[in-house]
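Undergrad: sequence below, structure please.
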Amino acid sequence: MPHYHSLGQIPPKRHTQFRKPDGALYAEQLVSTEGFSDAYSLTYHVYPPTMVRSIDPPIDVKPEIAVQNNMQHRSFQGFSVKPADDYLKSRIPVLVNNDLSIALAAPRKSMENYFFKNSQATEMIFVHEGTGVLKSMYGDLAFKYGDHLIIPRGVIYQLHFDNPENRLFIVESYSPIRFPKKYVNKLGQLEEHAPFCERDIRKPDKLVTHDEKGDFVVMVKKEDQLFPYHYASHPFDVIGWDGYHYPYALSIHDFEPITGRIHQPPPVHQTFEAHNYVMCAFVPRLYDYHPLSVPVPYNHSNVDSDEVLYYVDGDFMSRKHVDRGQITLHPIGIPHGPHPGTVEKSLGAKETKELAVMVDTFRPLWLTKQAMEIEEPDYHKSWLD
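TA: So this is what the prediction gives:
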């Protein structure tokens, strides 16, 4: 979990009178998780955050499942997803189950005419291409290539891009996304052996208070429906806040790899965990230094998990013909391993420049109709000599 943070003006004591310069009260809002039992923040608004003008009919965005019982290695060309002007319309689900949804997006334009609130999932947005600013009532958070943007469930936000060339890898998590327990001590501090620390966590650093009334559309996602809410005040009218519940960024470039004399398994690359899945980051690193080490990964059977690898940049020692934005899916119960010729080729190598994001799910993933449209159909044959 991110640590305590505060921006703007807040009263010295919570749940007490906090008045505007004209004597009127600011509207206090508790944003809490697991009822009142887990991380929360207190926000102070110019106007009550409850002023709903109207609600338009919902829009169905439920993924269309093409394959629900997958028992085949798959590969998808992520950059084949066509760009779209609108951010929400650009989000294309490819792999889903009851714990998460993995989507690709190539939005060309910033969110200017509406705001978005995911009320069914915490989001992890990995920025493969593009720069810009994540705006929320918690303040502005600049993002760039390599950032994991963690947006907790229920946060209203906008993404403002600097240019039209953007590529995003998105995980919608139906449970909170947390730092792995093995990295965190009893006080919640990241431990010395963790591959990143609190200094690497970037928090909102500029609070802009929008004292505005009007008609502000917030697209609220719940149960795979988008509900267009019209509010009478700007969602970012916060004068100050404090707490533990807010968006933050962690760059893949700030992940410090753990290496050893022999090949290290994927858990040393872990970045986040959630219910029934984990995420990892593969970054440039030195290879093993045992004189007889084999740098490439050994053959592996996923007995309990589906393995998804999203290739970001660099050369991958265990695979041939890997493209930027490519996704591989290695399902439960089928061995996978290095492609023919890559083991011998790796011997004596000193380092790798690979960059990738991995998602391991402990329940099988379903393939969407859109995933099948960007699939490489013969990938499961790629281990033949």
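
Undergrad: show me what contacts the nearest residue to Lys20 once chain neighbours are set aside?
TA: Distances taken as Cβ to Cβ, 6 or more residues apart in numbering place Tyr26 nearest to Lys20, at 6.1 Å, with adjacent residues excluded. Every C-beta, even on glycine, is put in place using the N, C-alpha and C of the backbone. Going by Cβ atoms under 8 Å, 6 or more residues apart in numbering, Tyr26 touches 18-20, 44-46, 239.

Undergrad: got the end-to-end distance for stretch 273-293?
TA: 30 Å (Cα to Cα, to the nearest Å).

Undergrad: and that stretch, what's buried?
TA: By 16 or more other Cβ atoms under 10 Å, the buried positions in stretch 273-293 come out as 273-274, 276-283, 285, 287-288, 293.

Undergrad: any idea which of those is closest to Ser37?
TA: Ala274 (17.6 Å; Cβ to Cβ).

Undergrad: that closest one pairs with what?
TA: Beta bridges link Ala274 to Tyr277 when assigned by DSSP bridges.

Undergrad: any idea how far Met71 is from the closest residue to Glu307 other than its chain neighbours?
TA: Excluding the flanking residues, the one nearest Glu307 by Cβ to Cβ, 6+ apart is His330, at 4.4 Å. As for His330, its distance to Met71 is 11 Å (criterion: Cβ to Cβ, to the nearest Å).

Undergrad: the more surrounded of these two?
TA: Neighbour count, other Cβ atoms under 10 Å: between His330 and Met71, His330 has more, with 23 against 11.

Undergrad: the residue nearest to Glu307 contacts His336, doesn't it?
TA: Yes - between His330 and His336 a contact is recorded at 4.3 Å, counting by Cβ atoms under 8 Å.

Undergrad: quick one: common contacting residues for the two?
TA: Listed as contacting both His330 and His336 by Cβ under 8 Å, 6+ apart are 73, 302, 307.

Undergrad: lowest pLDDT pick from the residues you listed?
TA: Within the shared contacts of His330 and His336, Asn302 has the lowest pLDDT, namely 85.

Undergrad: list the contacts of the closest residue to it other than its chain neighbours.
TA: Closest residue to Asn302 apart from its sequence neighbours, by Cβ to Cβ, 6+ apart: Ile332 at 5.3 Å. Residues near Ile332 by Cβ under 8 Å, 6+ apart: 302-306, 364.

Undergrad: helix/strand/coil for Ile332?
TA: Following DSSP: H, G, I helix; E, B strand; the rest coil, the label given to Ile332 is coil.

Undergrad: could you do Glu28 as well?
TA: Classified using three-state DSSP, Glu28 is strand.

Undergrad: how about the contacts made by the residue nearest to it when sequence neighbours are not counted?
TA: Spatial nearest neighbour of Glu28, excluding adjacent residues (Cβ to Cβ, 6+ apart): Tyr44 at 5.7 Å. The contact partners of Tyr44, by Cβ under 8 Å, 6+ apart, come to 8-11, 18, 26-29, 238-241.

Undergrad: can you rerun that using 10 Å?
TA: Applying Cβ atoms under 10 Å, 6 or more residues apart in numbering to Tyr44 gives the contacts 8-11, 18, 20, 25-29, 209, 237-242.

Undergrad: so what sits opposite it in the bridge?
TA: Applying DSSP bridges to Tyr44 gives these bridge partners: Glu28, Gly240.

Undergrad: same question for Leu95.
TA: Ile102, Leu367.
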